[in-house]
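Asks: Next come a sequence and a model predicted from it.
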Amino acid sequence: MDLSLLPQFLITGLSTGALYALITLGFVLVYRATSVVNFAIGEFLLVGAYLVYTFNVAPFNLPLPLAMLVALPVAFLFGWLIERGFVRPLLGRNVVAVIMATIGLVATLDGVAQLVWGADQKAYNGELPGQPIVLGSLVLTARSMWGIVVGIGVALLLIALLRYSRYGVMIRAVSESETAALALGINAPRMVGIVWGLSAALAALGGVLLASASGPGFHVIALGLMVFPVAILGGMDSVPGAVIAGLALGVVQALSTGYLEGSLPGITEAIPFVIVLLVLLLRPYGLFGQSRIERV
Amino acid sequence: MTPILEAHDLSLSFRGVRALNGVSFAVNPGDFFAIIGPNGAGKTSLLNVLSGLYRPQRGRVRFLGEDLSGVSPQERARRGLGRTFQNLELFRGMSVLDNVKLGAELAVGAYGALTPDARKEWAIRRWAEEVLDYLHLSPLRHKHAGALPYGLQKRVEVARALAGKPKVLLLDEPMAGLSLEEKQDLARFLLDARREWGVTLVLVEHDLKAVLELSTGVLVMSYGEVLYLGEPGGVRDNPRVTEAYLGRSA
């Protein structure tokens, strides 16, 4: 084992992990606000990555960062529409019905994405700007820096907004009790729409940055599925938990790629889920989840 | 006197089960109106129809003289129809103060997505503190609402609702699960709020004795139907009530 490469693996892991954290944050917000486990989160990444692609190629030809900036509001609108047209009509149905519906959403969005963008792997036009930073043997690529800066920066911004802004407090109120929020005159349906929009925008941002090297294609969906081990490890309903678990699993995967993949091919895909299983055995509510006791 | 809140011929059923059947009543400004009945009588369903969470199949609700059909729950709250819940619906992860501030925002009126403007923020904070003080909750203002004992959580929920300066406050079994002393405290707070802030109270209760001596008007329900509507004094002598309610529980 070559420990001199450890810092390099850590940086790569933090970069991927920060993006996992970002995507999971949106997923957890949706879960908290609507109790819906969004199985279509992978498709949210896919649609986001393709939206950026659309603005990145002809006729728009925007440079990648600008294309991201333009695609984010569109992704927000996409998430908002999914909530309006798809999730809201199912409110109050039983849990299984809602789960089956989001699985149906997976198939629908896969089909729509293929119709709109085709099934072949695309490539982004141009790279993420930035010069690699070299510190001795450690190389910080532009992509790593984008991942770390955008992932952690946006996550912290979002946490601050949730904690201190007026809409943030109202979103938390709706997440804790929608009926009580309504009784205080809070426009809960609007807050829920915003949360779904935010989740789609975060998925788009994470999706495009995770796919920035490979280009957008259906493999992005598999990256989105990392949300499940991250969210479960973090406790499903914990915002800081999502961030810490995202970073942790990103690092674990990078270390596994660096040190284990050679002798145990395929281990990197499995290891986050193995960790989740172990953690759940010891802590059923994840690392930061709330164990809820209800008084009837 | 024009009623402040009126229900006219409300009917509601869930998949064939009748929750409410032709329920009508009127509450006058300043009333302490009690809705009582055994479990499953439809009391909470009735409150949910009044506050807009359920849509009745028949009948209408009038509040401040206006028909509320098609008015959203949040809009009803903004017009002054407050509400507390049978199973506590506090924002458990927030402090007591933040819970009450969300109520106070409703009363003061706040705009903007990021912050209310500075003057309103100040007014919200001051009013929230006043309500906390009024309900003897000030020392707990920074505690997590979810970490408080049950009786205090109930009191915080009442504080949050009162902070919204409702014209009518609907209370769903506020006394349930409280000790005798806590019940007396809460009753005193509610009566004070009614006297000093002019809040009309509509209170759902399971326990008949707890409210008869306080109320100005009573509606007794059983299986979604009105058994009795009138002065509290007439409840005990009413044969239908005696049979359906007192007969079993007394």
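Replies: That came through fine. The model shown is predicted, which means the values in this text are computed figures rather than measured ones.
Asks: Beyond whatever helix or strand A:Val149 lives in, next helix or strand please.
Replies: For A:Val149, the host element (DSSP states H and E) is helix A:142-164. As assigned by DSSP H and E, the chain's next helix or strand after helix A:142-164 is helix A:166-176.
Asks: Mind checking the pLDDT average for the helix or strand following that next one?
Replies: For helix A:166-176, the following helix or strand on the C-terminal side (DSSP H and E) is helix A:178-183. Averaging pLDDT along helix A:178-183 yields 95.
Asks: quick check, helix A:178-183 touching chain B?
Replies: Yes. On the criterion CB under 8 Å from any CB of the partner chain, helix A:178-183 is in touch with chain B at A:Thr179, A:Ala180, A:Ala181, A:Leu182, A:Ala183. Placement of C-beta: from N, CA and C, glycine included.
Asks: Next secondary structure after that helix?
Replies: helix A:188-210.
Asks: tell me which residues of the very next helix or strand once past that following helix are tucked away?
Replies: With elements assigned by DSSP H and E, the helix or strand that comes after helix A:188-210 is helix A:219-224. Across helix A:219-224, burial judged by 16 or more other CB atoms under 10 Å in any protein chain shown covers A:Val220, A:Ile221, A:Leu223, A:Gly224.
Asks: Spatially nearest residue to the last one, not counting backbone neighbours?
Replies: In space, A:Gly224 comes closest to A:Gly42 once its chain neighbours are excluded; the distance is 3.1 Å by CB to CB, 6 or more residues apart in numbering or on different chains.
Asks: What helix or strand is the one you found located in?
Replies: Going by DSSP H and E, A:Gly42 is part of helix A:41-56.
Asks: tell me the angle that helix makes with helix A:188-210.
Replies: Per axes from the mean of the first three to the mean of the last three CA atoms, to 10 degrees, the angle that helix A:41-56 makes with helix A:188-210 is 70 degrees.
Asks: Please compute how far helix A:41-56 lies from its chain's middle.
Replies: 12 Å (CA atoms, centre = their mean, to the nearest Å).
Asks: repeat for stretch A:87-103
Replies: Worked out by CA atoms, centre = their mean, stretch A:87-103 lies 21 Å from the chain centre.
Asks: neighbouring contacts of it?
Replies: A:Thr34, A:Ser35, A:Val36, A:Val37, A:Asn38, A:Phe39, A:Ala40, A:Phe86, A:Pro189, A:Val192, A:Trp196 (CB atoms under 8 Å, 6 or more residues apart in numbering or on different chains).
Asks: and if you look at stretch B:139-152?
Replies: In contact with stretch B:139-152 (CB under 8 Å, 6+ apart) are residues A:295, B:88, B:90-97, B:99, B:129, B:132, B:137, B:153, B:156, B:177-179, B:182.
Asks: Quick one: mean pLDDT over it.
Replies: pLDDT averaged over stretch B:139-152 gives 95.
Asks: pull the CA atoms of it into PDB?
Replies: Presented in PDB, the C-alpha positions along stretch B:139-152 are these (Å, rounded to 0.1, in the frame of the first residue of the first chain):
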ATOM      1  CA  PRO B 139     -37.700  31.000  30.900                       C
ATOM      2  CA  LEU B 140     -38.100  28.200  28.300                       C
ATOM      3  CA  ARG B 141     -37.800  30.400  25.300                       C
ATOM      4  CA  HIS B 142     -34.600  28.900  24.000                       C
ATOM      5  CA  LYS B 143     -35.400  25.300  24.800                       C
ATOM      6  CA  HIS B 144     -36.200  22.800  22.000                       C
ATOM      7  CA  ALA B 145     -39.900  22.600  21.800                       C
ATOM      8  CA  GLY B 146     -39.800  18.800  21.300                       C
ATOM      9  CA  ALA B 147     -37.700  18.300  24.500                       C
ATOM     10  CA  LEU B 148     -40.300  19.800  26.900                       C
ATOM     11  CA  PRO B 149     -42.700  17.800  29.000                       C
ATOM     12  CA  TYR B 150     -46.100  17.100  27.500                       C
ATOM     13  CA  GLY B 151     -48.000  19.700  29.500                       C
ATOM     14  CA  LEU B 152     -45.600  22.400  28.600                       C
END
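Asks: Quick one, grab the pLDDT at B:Val61.
Replies: On the pLDDT scale, B:Val61 gets 97.
Asks: Could you see whether chain A lies near whichever strand or helix holds it?
Replies: Under the criterion of DSSP H and E, B:Val61 resides in strand B:58-63. No. Strand B:58-63 stays clear of chain A (CB under 8 Å from any CB), getting no nearer than 13.9 Å.
Asks: about what we covered before: mind saving the C-alpha coords of the helix holding A:Gly42 as CSV?
Replies: Extracted in CSV, the C-alpha atoms of helix A:41-56 (Å, rounded to 0.1, in the frame of the first residue of the first chain):
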residue,chain,number,x,y,z
ILE,A,41,-33.4,11.0,-8.0
GLY,A,42,-31.1,9.4,-10.5
GLU,A,43,-33.3,10.7,-13.3
PHE,A,44,-33.2,14.1,-11.7
LEU,A,45,-29.4,14.0,-12.2
LEU,A,46,-29.8,12.7,-15.7
VAL,A,47,-32.2,15.4,-16.7
GLY,A,48,-30.1,18.1,-15.1
ALA,A,49,-26.9,16.9,-16.8
TYR,A,50,-28.7,16.9,-20.1
LEU,A,51,-30.2,20.3,-19.6
VAL,A,52,-26.7,21.7,-19.0
TYR,A,53,-25.7,19.9,-22.2
THR,A,54,-28.5,21.5,-24.2
PHE,A,55,-27.3,25.0,-23.2
ASN,A,56,-23.7,23.9,-23.7
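Asks: What is the subsequent helix or strand relative to it?
Replies: Criterion used, DSSP H and E; the element after helix A:41-56 is helix A:64-82.
Asks: Surely the residue nearest to A:Gly224 is in contact with A:Ile221?
Replies: Yes. A:Gly42 is in contact with A:Ile221 according to CB atoms under 8 Å; the separation is 3.6 Å.
Asks: Could you tell me which residues of chain B lie near chain A?
Replies: Contact residues (CB under 8 Å from any CB) of chain B with chain A: B:51-53, B:72-75, B:77-78, B:82-85, B:87-94, B:98, B:102-103, B:105-106, B:110, B:112-116, B:150, B:160-161, B:164, B:177.
Asks: low-confidence ranges in chain B?
Replies: Within chain B, the ranges that satisfy pLDDT under 70 run B:111, B:245-250.
Asks: the domain parsing of it - what is it?
Replies: Using automatic domain parsing, the domains assigned to chain B come out as B:1-80+B:166-250, B:93-165.
Asks: Would you reformat the ones you listed as TSV and include mean neighbour count?
Replies: Shown next, in TSV, are these (neighbours: other CB atoms under 10 Å in any protein chain shown):
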stretch	mean neighbour count
domain B:1-80+B:166-250	18
domain B:93-165	19
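Asks: helix, strand or coil for the closest residue to A:Ser214 other than its chain neighbours?
Replies: Nearest residue to A:Ser214, sequence neighbours excluded (CB to CB, 6+ apart): A:Gln121, at 7.5 Å. Taking DSSP: H, G, I helix; E, B strand; the rest coil as the rule, one finds A:Gln121 in the coil state.
Asks: same deal with the one 4 residues further on?
Replies: When the structure is reduced to helix, strand and coil (three-state DSSP), A:Asn125 reads as coil.
Asks: burial measure for it, as a count.
Replies: 16 (other CB atoms under 10 Å in any protein chain shown).
Asks: was I right about it contacting A:Phe55?
Replies: No. A:Asn125 is beyond contact range of A:Phe55, at 10.0 Å (criterion: CB under 8 Å).
Asks: ok, of the contacts of stretch A:87-103, which come out buried?
Replies: A:Thr34, A:Val36, A:Val37, A:Asn38, A:Phe39, A:Ala40, A:Phe86, A:Pro189, A:Val192, A:Trp196.
Asks: and the two most separated of these?
Replies: A:Phe39 and A:Pro189 (22.5 Å; CB to CB).
Asks: picking up where we left off before, include distance to chain B and pLDDT when you put the buried ones among the contacts of stretch A:87-103 into TSV, please.
Replies: As requested, those are arranged in TSV below (distance: CB to the nearest CB, whole Å; pLDDT from 0 to 100):
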residue	distance to chain B	pLDDT
A:Thr34	16	89
A:Val36	20	90
A:Val37	20	92
A:Asn38	22	94
A:Phe39	26	94
A:Ala40	27	95
A:Phe86	21	89
A:Pro189	8	94
A:Val192	12	95
A:Trp196	17	97
